[in-house]
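Student: Provided below are the primary sequence and the corresponding predicted coordinates.
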Amino acid sequence: MPASGPSTTSNRPTTGMNSSLSTVDNESGPAVPKEPAPKEAGPKHPSTGLSAALVAAGILLSRITGLIRVSVFAHYFGNTDAADAFNAANKIPNILQMLFGEGVLSASFIPVYARLLAEGDEKEARKVAGAIFTLLTLSVSVIVLVGVFIAPYMIDLIAWGFQGAKRELTIRLVRIFFPAIGLLVISAWCLGILNSHRKFFLSYSAPVALNLVVIAFLIGFGGHRSIDDLAVTVTWGYVAGSLIQIAVQFPTILRLLHGLPIAFDYVSESVRTIVRNFIPVSTSRGVVQISSYIDQVIASFLGTGAVAGLAYALLLSQLPISLFGMAVSAAELPAMSSVMGDEAEIANRLRSRLNYGLRRIAFFVVPSAIGFLALGDIVSAGVYQSGKFTHNDAIYVWGILAGSSVGLLAQTLGRLYSSTYYALRDTRTPLRYAIVRVFLTSILGFLFAIPLPGLLGIDMKWGAAGLTASFGIAGWVEFLMLRRTLNKRIGQTGLSKSYVTKLWLAATCAAGVGWIIKLAAGHHNPRLVAILVIGPYALVYFAITAAMGISEAGALFSRLTRMTGLGGGRKS
């Protein structure tokens, strides 16, 4: 939605973000006279477009291997108590990854480090990278050690519903998972370095190594050990895989930084800026993690399979968020952080990038949401149904997946809005809105998961779908607040109603075609049925959007026809 940007009362140029646009207290801003903004350039961002494609390609590889990993896991574990224990144990130490990991480092480290690179100060950038690496290593080592010792108390806080052998197995697995997650935090530092140097594919494909190691452990030991012993063995596989994930990135890191710059210089203004930004972003991630833990506590009371079913569904729902939301946001953050000029120029360029990114995200996420809602049984069966994971388990995961479709678009668009705030060096506004989202999720999650199933006369286990639906509703509230506040700072942003309506209409029509094919296919091999249904669903969606004149569909068809040698595509 193009709109005139805010004008400035001074033509004095600034060095990048060091203007009132970058301050936190300027949300509403002073009364600024409006004037017609120069016509915004079209959405031509070849560098970030290529970067987003590399991010998406890396994420796609890691997610595909991740789905294979979980599919193999489901074959051996199904929706058993051991599966619940494993997923709960994996969730608990993830607080390290949320507080110190990829999202936090991207928001606090990349804007400062990328700016130093853009200014040509490689010596300072190297010192900053070394100082953050040293600080992370020391902090995470202490937390991992403490986490191993207090694991039993954490289980009592986070998985109240686990008792007896199930609780003891979870404690044992948590103690093994903590070192693995600690290693993944260092991997997140590697990602921050690689992304700042535009080495996107390596950073996002590195988790493939971890997934392959875990798959090897599952297949190698799956037929020879009891299910509880297998859970322990596979958890050690995570530790080995996490170490290898770092190993595949380190040669490039050492080349970019000319060695590993161990440094204890924390008086540097750049380092202090990262630490200052790190605290609110880390708190924001921690607040969101609290919501995730509350969901897990509630799920632990919903019966056997609820925690595992929630994990299975969330992995699928996170796929479009990672592929499209994360891909665009990760590619845009370094570019947005490097924008220079006066207030009007910065606002104009950020608005142009943001609106362009929002269109790209929505084009792919809308059909994902409709697909989960209408064809989620086909998706879950195609990925998981094998061995101990039955068709009834696939139906259960579909219900949880349908709940997650409620807020899928809002959560994905919200990632790009948060990246824009981080590029403006504003880490506090997203934190405030994250707190609101967590509050709403907690209240609605309890109501939807505990009393609502009884009122509807359905099995308590279906409360897990209420948890994902409540998260989606709260996600919409957070997204609307993020957009409203940012619009006051850089001008009108967002998607036009006509564009969004076309996307929802096209996805709904395509889902109807997919549903007809599903009924005609009957109950055969679940993976074959998934191919027969999902493939035509995607093709019909792209065809309808292209016929509607959606530029993203036209560009996609043009690229495909050029790649296949069938000629140039139509312009839309």
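Tutor: Structure's in. What do you need?
Student: which strands and helices sit next to whichever strand or helix holds V248?
Tutor: Using DSSP states H and E, V248 falls within helix 227-257. Judged by 3 or more CB pairs under 8 Å, 6 or more residues apart in numbering; DSSP states H and E, helix 227-257 is in contact with helix 46-77, helix 81-91, helix 122-149, helix 164-196, helix 200-205, helix 207-221. Any C-beta I mention is one placed from the backbone N, CA and C, and that applies to glycine too.
Student: next SSE after that helix?
Tutor: Using DSSP H and E, the helix or strand that follows helix 227-257 in sequence is helix 269-299.
Student: pLDDT of that following helix, averaged?
Tutor: Mean per-residue pLDDT for helix 269-299: 74.
Student: Check the offset of that helix from the chain's centre.
Tutor: Helix 269-299 has its C-alpha centroid displaced from the chain centroid by 14 Å (CA atoms, centre = their mean, to the nearest Å).
Student: cool, stretch 476-494 as well?
Tutor: Distance of stretch 476-494 from its chain centroid, counting by CA atoms, centre = their mean, is 20 Å.
Student: quick revisit: which parts of the helix holding V248 count as buried, going by neighbours?
Tutor: By neighbour count with 16 or more other CB atoms under 10 Å, helix 227-257 contains the buried residues 227-228, 230-243, 245-246, 248-249, 252-253, 256-257.
Student: where does the stretch 251-400 of the chain dip in pLDDT?
Tutor: 265-266, 281-289, 330-331, 333-335, 337-341 (pLDDT under 70).
Student: between the top helix by length along the chain and helix 46-77, how many degrees?
Tutor: As assigned by DSSP state H, the longest helix anywhere in the chain is helix 343-384. Relative orientation of helix 343-384 and helix 46-77, computed by axes from the mean of the first three to the mean of the last three CA atoms, to 10 degrees: 30 degrees.
Student: who's in contact with V365?
Tutor: By CB atoms under 8 Å, 6 or more residues apart in numbering, the contact set of V365 is 320-321, 324-325, 408-409, 412-413.
Student: what's the answer for L60, then?
Tutor: L60 sits next to L323 when contact means CB under 8 Å, 6+ apart.
Student: Check what pLDDT it gets.
Tutor: We have a pLDDT of 78 for L60.
Student: Could you report the neighbour count for the closest residue to V529 other than its chain neighbours?
Tutor: In this structure, V529 finds its nearest non-sequential neighbour in A521, 4.8 Å apart by CB to CB, 6 or more residues apart in numbering. Neighbourhood size, A521 [other CB atoms under 10 Å]: 16.
Student: F264 too?
Tutor: The burial count for F264: 10, using other CB under 10 Å.
Student: same deal with the one 5 residues further on?
Tutor: The criterion is other CB under 10 Å. On that basis, E269 has 10 neighbouring residues.
Student: One more: Y421?
Tutor: 23.
Student: hey, where'd the helices end up in the stretch 301-450 of the chain?
Tutor: Taking DSSP state H, counting those that start in this stretch, the helices of the stretch 301-450 of the chain run over residues 306-320, 327-337, 343-384, 391-404, 408-423, 428-449.
Student: what's the fourth one packed up against?
Tutor: In other words, helix 391-404. Identification of packing neighbours for helix 391-404 by 3+ CB pairs under 8 Å, 6+ apart yields helix 306-320, helix 343-384, helix 463-490.
Student: Determine which stretch of these is the most buried.
Tutor: Highest mean neighbour count of these: helix 306-320, a mean of 25 (counted as mean count of other CB atoms under 10 Å).
Student: Compute the inter-axis angle for that helix and helix 164-196.
Tutor: On the basis of the same axes, to 10 degrees, helix 306-320 is oriented at 10 degrees to helix 164-196.
Student: Run through the residues that contact the residue most central in space within the chain.
Tutor: Closest residue to the average C-alpha location of the chain: S322 at 4.5 Å, with CA atoms, centre = their mean. Residues counted as contacts of S322 (CB under 8 Å, 6+ apart) are 59, 63.
Student: With T137 instead?
Tutor: Applying CB under 8 Å, 6+ apart, we find T137 in contact with I186.
Student: Next, work out how far apart it and F439 are.
Tutor: 34 Å (CB to CB, to the nearest Å).
Student: Name the nearest residue to Y76, ignoring sequence neighbours.
Tutor: Leaving out its chain neighbours, the residue that sits closest to Y76 by CB to CB, 6+ apart is G222, at 4.7 Å.
Student: and if you look at F471?
Tutor: T441 (5.2 Å).
Student: my guess is R225 contacts T233, does it?
Tutor: Yes: applying CB atoms under 8 Å, one finds R225 in contact with T233, separated by 6.3 Å.
Student: which regions of this structure sit below the pLDDT cut-off?
Tutor: For the chain, applying pLDDT under 70 flags the ranges 1-53, 56, 92-107, 158, 265-266, 281-289, 330-331, 333-335, 337-341, 559-572.
Student: and A538, how many residues sit next to it?
Tutor: Counted with other CB under 10 Å, A538 comes out at 15.
Student: Now for it: which residues touch it?
Tutor: For A538, the contact set (CB under 8 Å, 6+ apart) comprises 367, 510.
Student: buried residues in the helix or strand harbouring it?
Tutor: Secondary structure assignment for A538, by DSSP H and E: helix 526-547. For helix 526-547, the neighbour count (16+ other CB under 10 Å) marks 526, 529-530, 532-534, 537, 540-542, 544-546 as buried.
Student: Out of those residues, which is nearest to V55?
Tutor: V55 lies nearest to F542 out of those, by CB to CB, at 21.3 Å.
Student: Okay, and the closest residue to the closest one other than its chain neighbours sits in which element?
Tutor: Once flanking residues are discounted, F542 sits nearest to A553: 5.5 Å by CB to CB, 6+ apart. Per DSSP H and E: A553 is located in helix 551-564.
Student: Dump the buried residues of helix 526-547 to JSON lines, plus distance to N392.
Tutor: JSON lines is the format used below for the buried residues of helix 526-547 (distance: CB to CB, whole Å):
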{"residue": "P526", "distance to N392": "13"}
{"residue": "V529", "distance to N392": "16"}
{"residue": "A530", "distance to N392": "17"}
{"residue": "L532", "distance to N392": "22"}
{"residue": "V533", "distance to N392": "19"}
{"residue": "I534", "distance to N392": "21"}
{"residue": "Y537", "distance to N392": "24"}
{"residue": "V540", "distance to N392": "29"}
{"residue": "Y541", "distance to N392": "29"}
{"residue": "F542", "distance to N392": "33"}
{"residue": "I544", "distance to N392": "34"}
{"residue": "T545", "distance to N392": "35"}
{"residue": "A546", "distance to N392": "39"}
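Student: ok, the nearest residue to Y396 once chain neighbours are set aside - contacts?
Tutor: Spatial nearest neighbour of Y396, chain neighbours left out: G309 (5.3 Å); criterion: CB to CB, 6+ apart. Applying CB under 8 Å, 6+ apart, we find G309 in contact with 79, 393, 396-397, 400, 461, 464.
Student: same check, this time on T134
Tutor: T134 makes contact with 262-264 under the criterion CB under 8 Å, 6+ apart.
Student: what would those residues look like in TSV with distance to A131?
Tutor: Shown next, in TSV, are these (distance: CB to CB, whole Å):
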residue	distance to A131
I262	9
A263	4
F264	7
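Student: out of the helices and strands packed on helix 391-404, nearest to D121?
Tutor: D121 sits nearest to helix 343-384 of all the helices and strands packed on helix 391-404, at 20.6 Å, using CB to CB.
Student: next one: that closest one to chain centre, how far?
Tutor: Its chain's average C-alpha position is 12 Å from that of helix 343-384, according to CA atoms, centre = their mean.
Student: measure the residue nearest to F471 to W160 for me?
Tutor: Taking CB to CB, one finds T441 at 18 Å from W160.
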